[in-house]
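K.L.:
here you go, sequence then predicted model.
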Amino acid sequence: MPTPYLFDSQWIYAFILNSILITISRKSPLLTRSGWIHAGALGTILWGCLGWKGWISVVIYLIFGSFVTRLGLAYKQRAGIAEKRGGSRGPENVWGSAATGAVLALILRSGIGSPDLLVVGFAASFSAKLADTFGSEIGKRWGTNAYLITSLRPVAVGTDGAISIEGTLASFIGSLLMSIFMLSISLLNSFNEFVLVALVGLIATLFESYLGAIVQNKYKILTNEVVNFIQTAFSACLAMFIYIGFTF
């Protein structure tokens with residue numbers, strides 16, 4: 001784990017590496033032009049704070065998330081439920097997904113709090129976000145019946161707050177994949193941490209659906225990106241609370 005002070009040569013390496021990668025990748029449709037610039041800033045923060053393990057975790061999230069977004073894209077576009085820009089992510093998507101993780105990484109780097117606790121929160125935030133992306137994109141394309149999470153009333157696929165069996169299963173798979181990867185690179189240190197992060201990722205996705213059902217359409221400030229931030233913050237806080245309670 002990096003030493004507990006904010007700036008050293010690791011930040012220089014992080015900036016140079018991310019600048020090179022963004023220059024090479026900026027024409028890729030994964031992100032918009034400005035999205036790549038913000039992703040470079042995020043990548044610099046994560047490598048500077050957590051080293052390559054934190055950085056590669058978010059790269060894997062981006063790859064998996066972009067892949068599943070493009071599954072059945074033509075169908076979702078015809079139905080009017082596809083992500084805007086054909087799934088290319090902009091700055092608002094980058095920070096909606098990663099602001100929680102970036103804040104936790106900076107806190108860890110400053111030397112405040114338990115590193116293991118903060119890493120669990122970091123991991124849970126991205127586990128939850130990939131779970132959300134898998135559930136939403138798979139559910140919109142292959143969900144046969146959608147139900148409002150608050151009442152289980154049948155609603156149209158793509159409705160805010162709707163869940164389906166297919167989407168919920170996909171959410172669990174997304175959370176599981178992200179958690180397996182972070183365990184495999186030893187960002188998570190034990191099987192117990194892996195189980196905690198995987199389960200919290202799914203719970204946070206259901207929580208986001210609940211938010212979508214009860215408040216998202218009532219307040220203009222609650223854009224998808226703001227709700228994404230709330231979901232990842234909830235996931236991180238819940239995982240850290242359970243971690244403290246059970247002293248993993």
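P.N.:
That came in fine, so what should we check first?
K.L.:
which stretches in this structure count as strands?
P.N.:
146-148, 154-155, 162-163 (DSSP state E).
K.L.:
so what's the most centrally placed residue in the chain up against?
P.N.:
What sits nearest the mean C-alpha location of the chain, by C-alpha atoms, centre = their mean, is Lys129, with 2.7 Å. Applying C-beta atoms under 8 Å, 6 or more residues apart in numbering, we find Lys129 in contact with 61, 65, 97-98, 228, 231-232. Any C-beta I mention is one placed from the backbone N, CA and C, and that applies to glycine too.
K.L.:
quickly note the distance from it to Ala213.
P.N.:
From Lys129 across to Ala213, the span is 19 Å (C-beta to C-beta, to the nearest Å).
K.L.:
follow-up on the earlier one: out of the contacts of Lys129, which one has the lowest pLDDT?
P.N.:
For the contacts of Lys129, the model is least confident at Gly65; its pLDDT is 88.
K.L.:
where does the chain have its least confident helix or strand?
P.N.:
helix 73-79 (a mean of 73; mean pLDDT, DSSP states H and E).
K.L.:
so what secondary structure elements neighbour that helix?
P.N.:
helix 115-142 (3 or more C-beta pairs under 8 Å, 6 or more residues apart in numbering; DSSP states H and E).
K.L.:
for the closest residue to Ser175 other than its chain neighbours, what are its contacts?
P.N.:
Spatially, and ignoring its direct neighbours in sequence, Ser175 is nearest to Gly201 (3.1 Å; C-beta to C-beta, 6 or more residues apart in numbering). When contacts are counted by C-beta under 8 Å, 6+ apart, Gly201 touches 124, 127-128, 130-131, 171, 174-175, 178-179, 235.
K.L.:
mind giving me JSON lines with those and columns for neighbour count?
P.N.:
Output for the contacts of Gly201, formatted as JSON lines (neighbours: other C-beta atoms under 10 Å):
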{"residue": "Ala124", "neighbour count": "37"}
{"residue": "Ser127", "neighbour count": "36"}
{"residue": "Ala128", "neighbour count": "34"}
{"residue": "Leu130", "neighbour count": "27"}
{"residue": "Ala131", "neighbour count": "32"}
{"residue": "Ser171", "neighbour count": "29"}
{"residue": "Gly174", "neighbour count": "30"}
{"residue": "Ser175", "neighbour count": "30"}
{"residue": "Met178", "neighbour count": "28"}
{"residue": "Ser179", "neighbour count": "27"}
{"residue": "Ser235", "neighbour count": "31"}
